[in-house]
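Asker: the sequence isn't on hand, but the structure is:
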């Protein structure tokens, strides 16, 4: 695509995204659209590690939960004592002024983000030395452990969860408010990642994906890049988690915050569906995944998980590279790549002969 | 002679297999030195020992006076001692120019460096080195689409991009067609003469190594069997026996 077409596409998408809350018949679905941005955030942040760097992480959900809890706790402790809060949460809701609400949210997200970076750095220095499947299994353990820890910690509500403050009326309806917050967060994340991928960082993590031994042999600070990649991924996930807690109002330790079997798996699926290791793949994968999931829920209720499972099987079998990956293999020139058709053909025929 | 790389009594065993036994050799600065030996004689293991790919059991490796045996591969690479791989390792999903860009010396990978875009000069240098190895026309292709021989050339160009003081080449001509081999010998010599890179080369192709190296070490069964100038090595009865299996 040429420069002009690209700008037009970006502008068109931006206008469409901004206009969604203004369209009357979409009004009832704004929360669903807010969820869509969350899904896109999931897929994009997972792809930093799993796609661009080739480190399949099943533990990224940890950062989501950490951000969520950190934000909720800051919002709570900034204006209430724990006892007060427990009492009001039971009966009347804790009412905050818009300024208090936004301060708590922003401060909480900031602290949540920093906490996630810290955790990613500490955990990363320990387990990013593992490769391939070993890393994946190890991160799987992290997600489960985090959920168990949260379920047993009274300060954050333990197994009975934590209620976040309600959105003050002055800030408008929940739908448009969270729609715009997540839109902004997703766009910022997208732009930051786009910029990171365009520089030395992007090539370095791609190099680690393609051949880490070779990267080592060239003197690349592989551990440093890997840790920074996980920190970036964790940071934006924690911010998303912080807002997500406020969107769903009730934080359950294993079903919402550290929801490995749902969100934790979906983020992997969405990135693979769209095409991992590409800029737009996770965005497209998350959109397709979320929309089909909603349709399945609506029209195939009772069979929605089966349908979703079949969709995944179809994608993995027929489009192992994902949607964008498939398009890129078909029309590489459109993606600014060149392919030596002859070399490809020779390779393919050789493989066929074997 | 001023040695840039010194290997002293290096021993490396894998379980009961003695892959390197008390190997000592030295590579003078600016030279082209060869390392030959039958299959399984411990050549690649010696390379791995030198660049810190695995710890050695005993002995010492010094590069420009720095003891290497406690350092890890990336640290050693940043000191300017680089190796290429026998199986050829390139970054397959990235194009040739990107492969070159990421091969810049990584002495300083601070945050500013991580975030930067590649300056124009880097891309220019990458392209001129691709030109040097004859891959300029293929610069925008994905590395995995290159033929095996071209990938070898790319790996060599990547090594040059890294501006090493010494380059350990593990069978640079294996799998390359005979017409390309002459060009490669010429480029290795030019890299040595023009960029001042010391070369230490493992090679099975006797014609190549006799043409290239000024001094050759021969390993057999993990031990240093002989060393000397190419003519001497070529006619050394022990070397001939080792290759023909009389040893």
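Answerer: Great, that's in hand. These figures come from a predicted structure and were not determined experimentally.
Asker: quick check: the residue of chain B nearest chain A.
Answerer: residue B:77 (3.2 Å; Cβ to the nearest Cβ). (Each C-beta comes from the backbone N, C-alpha and C, glycine too.)
Asker: could you check how far the closest residue to that residue other than its chain neighbours is from residue B:111?
Answerer: For residue B:77, ignoring the flanking residues on the chain, the nearest one in space by Cβ to Cβ, 6 or more residues apart in numbering or on different chains is residue A:219 at 3.2 Å. For residue A:219, the distance to residue B:111 (Cβ to Cβ, to the nearest Å) stands at 18 Å.
Asker: what of residue B:52?
Answerer: 26 Å.
Asker: same drill for those two, tell me which one is more crowded.
Answerer: residue B:52 (23 against 10; other Cβ atoms under 10 Å in any protein chain shown).
Asker: which SS class is residue 18?
Answerer: Looking at chain A here, since you left the chain open. Of the three states, residue A:18 takes helix according to DSSP: H, G, I helix; E, B strand; the rest coil.
Asker: let's do chain B instead
Answerer: Following three-state DSSP, the label given to residue B:18 is strand.
Asker: now do the contacts for the nearest residue in space to it that is not next to it in sequence.
Answerer: Leaving out its chain neighbours, the residue that sits closest to residue B:18 by Cβ to Cβ, 6+ apart is residue B:222, at 5.1 Å. By Cβ atoms under 8 Å, 6 or more residues apart in numbering or on different chains, the contact list for residue B:222 reads B:18-21, B:23, B:41-42, B:45.
Asker: and those residues as a markdown table, adding pLDDT?
Answerer: Compiled in a markdown table, the contacts of residue B:222 are given as follows (pLDDT from 0 to 100):
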| residue | pLDDT |
| --- | --- |
| B:18 | 89 |
| B:19 | 91 |
| B:20 | 90 |
| B:21 | 91 |
| B:23 | 92 |
| B:41 | 89 |
| B:42 | 90 |
| B:45 | 92 |
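Asker: how many other residues sit next to residue A:173?
Answerer: Neighbours around residue A:173, by other Cβ under 10 Å: 14.
Asker: tell me how far it lies from chain B.
Answerer: Per Cβ to the nearest Cβ, to the nearest Å, residue A:173 is found 39 Å from chain B.
Asker: which stretch of helix or strand covers the closest residue to chain B within the stretch 1-150 of chain A?
Answerer: Closest to chain B within the stretch 1-150 of chain A is residue A:54: 9.6 Å, counting by Cβ to the nearest Cβ. Under DSSP states H and E, no helix or strand contains residue A:54.
Asker: how about the contacts made by the closest residue to it other than its chain neighbours?
Answerer: Spatial nearest neighbour of residue A:54, chain neighbours left out: residue A:209 (3.2 Å); criterion: Cβ to Cβ, 6+ apart. Contacts for residue A:209 were tallied using Cβ under 8 Å, 6+ apart; they are A:52-55, A:277, B:93.
Asker: of these, grab the buried ones for ChimeraX.
Answerer: Buried subset of these, written as a ChimeraX selection, criterion 16 or more other Cβ atoms under 10 Å in any protein chain shown:
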select /A:52,53,54,55,277
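Asker: tell me the two of the contacts of residue A:209 that are most distant?
Answerer: A:55 and B:93 (15.1 Å; Cβ to Cβ).
Asker: phi and psi next, for the residue of chain A at minimum distance from chain B.
Answerer: Residue nearest to chain B within chain A: residue A:219 (3.2 Å; Cβ to the nearest Cβ). Torsion angles at residue A:219 (phi, psi; degrees, to the nearest 10) stand at phi 90, psi 10.
Asker: could you do residue B:162 as well?
Answerer: Note on residue B:162: its backbone torsions stand at phi -80, psi 0 [degrees, to the nearest 10].
Asker: that one and residue B:82 touch, don't they?
Answerer: Yes. Under the criterion of Cβ atoms under 8 Å, residue B:162 makes contact with residue B:82 at 5.5 Å.
Asker: near residue 22, how many other residues are there?
Answerer: No chain in the question, so chain A it is. By other Cβ under 10 Å, the residues close to residue A:22 number 9.
Asker: that was the other one, I meant chain B.
Answerer: Using other Cβ under 10 Å, residue B:22 is surrounded by 14 other residues.
Asker: so it: helix, strand or coil?
Answerer: At residue B:22 the chain is in strand, as set by three-state DSSP.
Asker: what's near enough to touch the residue lying closest to it once chain neighbours are set aside?
Answerer: Counting by Cβ to Cβ, 6+ apart, residue B:9 is the residue found nearest to residue B:22 once chain neighbours are left out, at 5.1 Å. The neighbours of residue B:9, taking Cβ under 8 Å, 6+ apart as the test, are B:22-24, B:58-60.
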